[in-house]
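A.B. asks: Quick one, fold the following:
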Amino acid sequence: MSMHVNAYNGRGNVYKELEEYQKAIADYSKAIELNPKDADYYFSRGLAYYYLKDYQRAIADYTKVIELNPDYANSYYNRAISHKNLKDYQSAIQDYQKAAEFYQKEGKTDDYQDAINQIKKLEK
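C.D. replies: Okay, here's the model as predicted:
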């Protein structure tokens, strides 16, 4: 089983690099079907949805990542961007704040500052 999961995920990554996002989504979905507890597959699929400007589905996948791995700072950050693109600024600010919190804990100063700057832009 795990070989198949890795194959689907790997091919999904290749499709994503090639900007063939629909094919990437199909492979990530298959990987998720085989191993629904792996947050990375949802994260990758969320990115592919984001690149297709399907922000609702991206948000759903990032939310699933957060359910499975509540400390995954990049999921909050990416979900914030999707909320911002849907003009849901309050949700975006909340997610940027969560991302900033985790970035600070992880010592990721640049990422922390970036999240803070995004909040400042939205609060104007």
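
A.B. asks: switch to C-alpha atoms for all contacts and neighbour counts from now on
C.D. replies: Noted.

A.B. asks: Quick check: the gap between residue 43 and residue 123.
C.D. replies: 27 Å (Cα to Cα, to the nearest Å).

A.B. asks: More neighbours: these two, which one.
C.D. replies: Each of residue 43 and residue 123 has its neighbours counted (other Cα atoms under 10 Å); residue 43 has more, 24 against 10.

A.B. asks: Where does the more buried one fall, secondary structure wise?
C.D. replies: Applying DSSP states H and E as the criterion places residue 43 in helix 39-51.

A.B. asks: what's that helix packed up against?
C.D. replies: Using 3 or more Cα pairs under 8 Å, 6 or more residues apart in numbering; DSSP states H and E, the elements in contact with helix 39-51 are helix 2-17, helix 21-34, helix 55-68.

A.B. asks: could those helices be laid out in TSV, adding mean pLDDT?
C.D. replies: Formatted as TSV, those follow (pLDDT from 0 to 100):
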stretch	mean pLDDT
helix 2-17	92
helix 21-34	97
helix 55-68	98
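
A.B. asks: can you redo these as CSV with distance to residue 85?
C.D. replies: Formatted as CSV, the helices and strands packed on helix 39-51 follow (distance: least, Cα to Cα, whole Å):
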stretch, distance to residue 85
helix 2-17, 21
helix 21-34, 19
helix 55-68, 7
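
A.B. asks: got a list of what residue 103 touches?
C.D. replies: By Cα atoms under 8 Å, 6 or more residues apart in numbering, residue 103 lies in contact with 73, 109, 111, 112.
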